[in-house]
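> A predicted structure for the sequence below; I have some questions about it.
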Amino acid sequence: MSNITTVLLLLNSQHLRYQWFYMICLIFQASFLLLIILSHENTKTIQAEQKPVTLLCIGCSVIAPHVLLLLKSFWKACYKSSKLPRKASVLFFEFLVSVGLAVLTIVAMPHLDIVTNVTILNSVAVLSGFLQAVTQCTVKKMNIFLLPSIMASVVMVVGYCLFVVLYILKDSADVKTAIWVGLAVGGSILVSFNWWENYFRVICVKRKSNVLKNLFEDLSKCQNMLHIMSSVLRIVVTACVLGAYVPLAKLDWDIVTSIPSRETRIVAIIIGVQLISSALCHWFALAACKMHAVRRCFILPLYLASLAVIPLFIAPVIIDYKIYKSNINFTSYCAEAVNIRNQSLSGDLFPHLCYTWFILVSQISRGCLVLLSGAGVLWWIGFVLATIHIWHLNTCRIQKTQDLFVRVYEGALIEQSLLLNTRFHIQRKNQRKREDTTPAMVYLCATMWHETYEEMMNITISVFRLDQYRPKSLTQSQFDDFTFEAHIYFDDAFTNVTGSQHRHLNTYAKELVKIIQIPDQAIIKTPYGARLVVEMPHGNNIVVHFKDKEKIRIKKRWSQVMYLYYLLGWKLMTKYYRYWQEGQDEKHLRREIQKLYICFFQKEKHNTYLLALDGDTDFQPAAVMLLIDRLKMYPRVGAACGRIHPTGSGPAVWFQKFEYAISHWLQKTAEHVFGCVLCSPGCFSLFRAEALMDDNVMKKYSTKSTEPSHYIQYDQGEDRWLCTLLLKQGWRVEYNAASDAYTNAPESFKELYNQRKRWGPSTMANVVDLLGSTNIVSKRNLSMSKLFMFYQLFGMISAILAPSTICLMVAGSLSFILEIPSPVALIIAVIPPAVYLGLCFKLKADTQITIAGILSVAYAFLMVVVAISIIASIIKEKTILTPSSIFTVAMSIIYIVTALMHPQELPLVFYGLLYIICIPSAYLLLTIYSMVNMNSVSWGTRESKPTPGAAVTAVSAVQAKTKKGRTEKGSENFWNELIKKYLEPVKNDKEKQEKTKNDLQELRSKVNFSFFFLNALWLMATFVFQGVDVFSLKINIIDFYQQETGVTIQIEPMSLMFILGFGISVLLQFVGMLHHTISTLIHYIAFLQTEPKQQKCADNEVPTVSVDAMYSYLLFLFLTWTITSFNTTTGIYLMVLTLSLLMISSCLC
């Protein structure tokens, strides 16, 4: 998989993922406990009057996740439908939890010892265990986890009793300590209400109560508004508790603005590490669950983190005590060390904090220490019992986040919140698989015309490879995900042969028969031409439909209409025809049809997919599986496409390789992340039958072109138009970067120009169609917001103004090189494209392409000179702070970093040099050629005529020898009706053709006038701004040493506006690429984890021992640097301890 890089594959190691997650959990625990320690009155690192700062940091760590949730929910509410809940009773629990968490972390924990602070957080699962038992009893589905749930609550209550008894025995007269203990117990119990929603959802679904039903509806349909309201409530309550406690503790908020730099640096580093580590911990937990590494990379690290954090604090003190080599006991040594450090407040910070807390622990009597340890162990055991059901958590390959976790994580107790947030399901002993195991039916639909032998061989090998990957002969219990059937639709497959009354297969069709035919297989005559059915070695069928242009309409769109109605209208509805033909009475038929429609047909068309292919597509089975995953997991996804790689040789192909790479790396990923993919290419895309059968999709796609614009939008870019219809109906179109497919690209300059002549106008027509329906699209399609449509509008404007923009770029280059005024350079730059535009209206297409080739070479030399001149100017002026230099450097960095994110495609960067010098040809000359010739609706590629000769007869003499060759029962009538309604061959009506030709020329004239008039206005406006200095911006150039050079540069506002717009657009695409790359990584690793072992390719396996060691070492350095930023000596302590922890985790793995 070229898009899943070697580095991403190495991250598949569970050993590595365990270490990352485990260490981040430790970093979180350590940083949060450091904040608690700094808030204690006996800690002299932060003076007593400065404690509000540390309390404020604790409050920030508590509310940080809810601030993020508030922003996320508000963003969703802006472009998605959000409803207010019927009742705000849900917020009552949020109030209790927010009060409890604020009291526990801000008020109580800073007054308790470190052992209590580590262990009491596990007690927040006390109510979860009870609610689990209640849920199972309420829905009357008790299972093996009922007893652990009951035991968890009992064990935790006993732990609370031991905890209270401990402080009674320690000092019953200490009122303050009793208050802190009571607040800690009460706060932890209130926090345990945080996960009530996890269990009430199950109860609401299973019970018939209207109150519970309304509650469930509010939780499901009003989620965004509930998140906004609950987040605001959490923030307000935490702020109130913090604001009330500081004055009550006789502290002053004014000290916050006057803290010394040393203390500020300490607190800032700790809170920064805490916030980042908590967010990373949540993300790694989510990634581990989605990658099916729940047990070793999610549950175990969270269980062990709270146990390992205590040695993390004590070990540095013990090491220092051993180095000290004193005869005094350990407690006295700690007291002496703390007194010395308190006097100077210098030295290592980390051991100082540990000394303070060890003194507090050592002052507890041995009996009380036993009770404290017992309470901590009981809480931990209860926490494990309350979350033991997660050990058997069943997840899909790309599970949704909302299906994994019910709520947002809690910044103060990350381990507990992650485990208790995991969605609760009642599981039985024999329930190990997902409830919905209905296998999908995938129809491979390839269209062919004039493919070469090698191209036909590529797709045939791919289909046979899939046959081996999912054999039909094996039992469905082994492969229950999908079955498939391959169909090839061959356009214009027949020719007349001299001396024969029958039409025969032409040379292209004969090549295909030669490739796939097995002995004793018959080519059967059909109403549309002929059909060949071949059973592949592993039991799946491949069916070739040879189309006769004298019997059925040809071209790709009509081949697609043909298989849409055949596979979805005939094969999917065969059961209904069978009932009708069996002669059952009408009443019984109506009842059966209604029953089947409700129980079977809706589900079947939802799980039926069509894989659209070109006749030369080469793909791997894993690529198909990754697309199937997208449609299986997300019910509103109507189509999904993969990463298309152009193949071939020559400069034209090299240009396309980089163009395709940039388009998929940035443009398609941005569309996927921020909205929907606008074009799912017909060479490798998976469509859902339910989406295609939706209103105004399949039927409108079968519309015959009657207006000039139809010929451009419908016939020149059929795949993009089909996606437009899906998007308008509210279906989502997605992109998967790991699903690779290879297809041949035009190798000649002429072929490339003719191909883009079709693509350019059709793309523009479909985007304009979507933009014109912005209100309808954004209302029906929840993935396409108005902001996303504005992003598409900007892209459309950029595409329209591309010719004038290139002229401005060339003008700037001429002005820089020849040192001539900008207006004069602009006039010179406009002359060649203007002359070419005039010639295109007079000359033939081939001559236009020849002239474009000559101009392309000239522009290429100019671009080389420009690139060298920009580099020379940077060196000469010793600055990159000029608009051209900044733009060039920024774009180069983004493209190089993007390429580094795809290391296996890194060599494509070298093709980027060719792409740069071909920019004028691609965005100026090609645009002019496409717009002027938009009235020519010929295909432009693969138009060579088949050579007549000896051929295979369409009606074979061996027709009766095999049953597999027989025509499907009742299909002949279906084909006759379909051809009559949609697919009748186009009659040679010269009058109509002449009218269509004139209409297309008239449309071309109107569109070209508007198109080039806008470009002329843009050029004229720029010319005026260049000639009038009033509207220009003058910027002083700064050199590498940040000193003014005395030279000023003049920037036109319009140029600056365009550069900023383009830069923001590319930056958004870069962010989308990062997000999509991470999600693709998770999906691909989950795919590797869940595929049957015999299907995993041994070639993809990579050694992980040395890589794990390398990443472990890097992680070790990162952890040491993060926590020990305070002092160098502390790093020595932490290096030894961290290395030991890494060795322990390696042994566990």
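That came through, no problem.

> next, Met225: secondary structure please.
Under DSSP: H, G, I helix; E, B strand; the rest coil, Met225 falls in the helix class.

> likewise for Tyr489?
Following three-state DSSP, Tyr489 is assigned to strand.

> nearest spatial neighbour of it, chain-adjacent residues omitted?
Closest residue to Tyr489 apart from its sequence neighbours, by CB to CB, 6 or more residues apart in numbering: Ser559 at 4.2 Å. (Each C-beta comes from the backbone N, C-alpha and C, glycine too.)

> let's see the strand or helix carrying that neighbour as PDB, backbone CA atoms only.
Under the criterion of DSSP states H and E, Ser559 resides in helix 556-564. Extracted C-alpha coordinates of helix 556-564, given in PDB (Å, rounded to 0.1, in the frame of the first residue of the first chain):
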ATOM      1  CA  LYS A 556     -19.300   4.900 -20.900                       C
ATOM      2  CA  ARG A 557     -22.300   6.600 -19.300                       C
ATOM      3  CA  TRP A 558     -24.700   4.300 -21.100                       C
ATOM      4  CA  SER A 559     -22.700   1.300 -20.100                       C
ATOM      5  CA  GLN A 560     -23.100   2.500 -16.500                       C
ATOM      6  CA  VAL A 561     -26.800   2.900 -17.000                       C
ATOM      7  CA  MET A 562     -26.900  -0.600 -18.400                       C
ATOM      8  CA  TYR A 563     -25.300  -2.200 -15.400                       C
ATOM      9  CA  LEU A 564     -27.200   0.000 -12.900                       C
END
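
> now for it, which elements pack on it?
Under the contact definition 3 or more CB pairs under 8 Å, 6 or more residues apart in numbering; DSSP states H and E, helix 556-564 sits against strand 440-448, strand 482-490, strand 541-547, strand 608-614, helix 698-701, helix 718-728.

> in CSV: those, plus mean pLDDT.
Below are the helices and strands packed on helix 556-564 laid out as CSV (pLDDT from 0 to 100):
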stretch, mean pLDDT
strand 440-448, 93
strand 482-490, 93
strand 541-547, 93
strand 608-614, 94
helix 698-701, 90
helix 718-728, 93
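
> in CSV, list those along with mean neighbour count.
Conversion of the helices and strands packed on helix 556-564 to CSV gives the following (neighbours: other CB atoms under 10 Å):
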stretch, mean neighbour count
strand 440-448, 24
strand 482-490, 22
strand 541-547, 22
strand 608-614, 24
helix 698-701, 17
helix 718-728, 24
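
> indicate which one of the ones you listed is closest to Lys987.
Set against Lys987 and scored by CB to CB, the helices and strands packed on helix 556-564 come closest in strand 541-547, at 17.0 Å.

> can you tell me the SS state at Leu686?
strand.

> isn't it right next to Leu611, touching?
Yes. Between Leu686 and Leu611 there is a contact at 5.2 Å, judged by CB atoms under 8 Å.

> now for those two: what residues contact both?
442, 624, 627 (CB atoms under 8 Å, 6 or more residues apart in numbering).

> now Leu801. Nearest residue, chain neighbours left out?
Spatially, and ignoring its direct neighbours in sequence, Leu801 is nearest to Trp1018 (5.3 Å; CB to CB, 6+ apart).

> can you get me a residue count around the one you found?
With neighbours defined by other CB atoms under 10 Å, the count for Trp1018 comes to 20.

> which pLDDT value belongs to it?
We have a pLDDT of 89 for Trp1018.

> before we move on, the earlier item: in JSON lines: the helices and strands packed on helix 556-564, plus distance to Lys750.
JSON lines is the format used below for these (distance: least, CB to CB, whole Å):
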{"stretch": "strand 440-448", "distance to Lys750": "22"}
{"stretch": "strand 482-490", "distance to Lys750": "25"}
{"stretch": "strand 541-547", "distance to Lys750": "27"}
{"stretch": "strand 608-614", "distance to Lys750": "20"}
{"stretch": "helix 698-701", "distance to Lys750": "30"}
{"stretch": "helix 718-728", "distance to Lys750": "23"}
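
> state the distance from the residue nearest to Leu801 to Cys807.
Distance check for Trp1018 against Cys807: by CB to CB, to the nearest Å, it reads 9 Å.

> swap in Met441?
53 Å.

> what do you get for Val191?
For Val191, the distance to Cys807 - CB to CB - is 65 Å.

> just the strands in the protein please.
Using DSSP state E, the strands assigned to the chain run over residues 440-448, 482-490, 494-496, 503-505, 523-526, 529-535, 541-547, 608-614, 618-619, 637-647, 684-688, 732-744, 1033-1038, 1044-1051.

> how about those strands, which one is nearest Asn458?
Nearest of the strands of the chain (CB to CB): strand 618-619, 4.2 Å.

> show me what the closest one pairs with in its sheet, parallel or antiparallel.
Its sheet considered, strand 618-619 pairs with strand 732-744 (antiparallel) by DSSP bridges.

> what angle do strand 608-614 and the partner strand make with each other?
Between strand 732-744 and strand 608-614, the angle comes out at 40 degrees (axes from the mean of the first three to the mean of the last three CA atoms, to 10 degrees).

> can you map out the helices along the stretch 251-400 of the chain?
Along the stretch 251-400 of the chain, counting by DSSP state H, counting those that start in this stretch, helices occupy 261-290, 294, 300-324, 330-344, 349-362, 366-386.

> ranking those helices by mean pLDDT, which is last?
When the helices of the stretch 251-400 of the chain are ranked by mean pLDDT, helix 349-362 comes last with a mean of 53.

> give me the contacts around stretch 222-236.
Outside of stretch 222-236, the residues within contact range by CB under 8 Å, 6+ apart are 63, 66-67, 69-70, 72-74, 76-77, 80, 82-85, 88, 90-91, 94-95, 97-98, 218-219, 408.
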